[in-house]
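1. just a sequence and a predicted model for now, questions to come.
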Amino acid sequence: MQPSLASKLRMALVMTLAVYPIVTLYLYVLMPLTMGWEMWQRSLVLVPVMASTIVLLVVPFIGRHFGAFIAGKKAMA
């Protein structure tokens, strides 16, 4: 069964709210350590770290805590 457009949009919203502060934090840490580096070099460091964080931490957290919201179901009490 394909996810509906509404569930895709809810997932995009939750992912954006979760990933934005993490990317911002990583950039604040990375920028002073990489002064003088080209953008592609910074990205070469940032992307694997961010992708690993998303796959190993963010997506499981979202699935566990926001799965019902994303699926459009009411949470069981």
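-> Great, that's in hand. All figures in this text were calculated on a predicted structure; none of them were measured in a lab.
2. per-residue pLDDT of Q2, please?
-> On pLDDT, Q2 comes in at 87.
3. tell me the centre residue of the protein?
-> Nearest to the mean C-alpha position of the chain, by C-alpha atoms, centre = their mean, lies V19 at 3.3 Å.
4. how close does that one get to T34?
-> According to C-beta to C-beta, to the nearest Å, V19 and T34 sit 20 Å apart. No exception for glycine: its C-beta is placed from N, CA and C like everyone else's.
5. same question, Y28
-> For Y28 relative to T34 (C-beta to C-beta), the value is 12 Å.
6. in terms of neighbours, single out the busier of the two.
-> Neighbours per residue, other C-beta atoms under 10 Å: of Y28 and T34, the larger number sits with T34, 15 against 9.
7. how about that one: what's its closest non-neighbour residue?
-> R42 (5.2 Å; C-beta to C-beta, 6 or more residues apart in numbering).
8. coming back round to it: so what does the helix or strand hosting the residue nearest to the centre of the chain touch, helix or strand wise?
-> Assigned by DSSP states H and E, V19 falls within helix 5-33. Secondary-structure packing of helix 5-33 (3 or more C-beta pairs under 8 Å, 6 or more residues apart in numbering; DSSP states H and E): helix 39-53, helix 59-71.
9. rebuild these as JSON lines, extending it with mean neighbour count, distance to M15 and mean pLDDT.
-> Formatted as JSON lines, the helices and strands packed on helix 5-33 follow (neighbours: other C-beta atoms under 10 Å; distance: least, C-beta to C-beta, whole Å; pLDDT from 0 to 100):
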{"stretch": "helix 39-53", "mean neighbour count": "12", "distance to M15": "12", "mean pLDDT": "97"}
{"stretch": "helix 59-71", "mean neighbour count": "14", "distance to M15": "7", "mean pLDDT": "94"}
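10. that's all I had, so thanks and see you.
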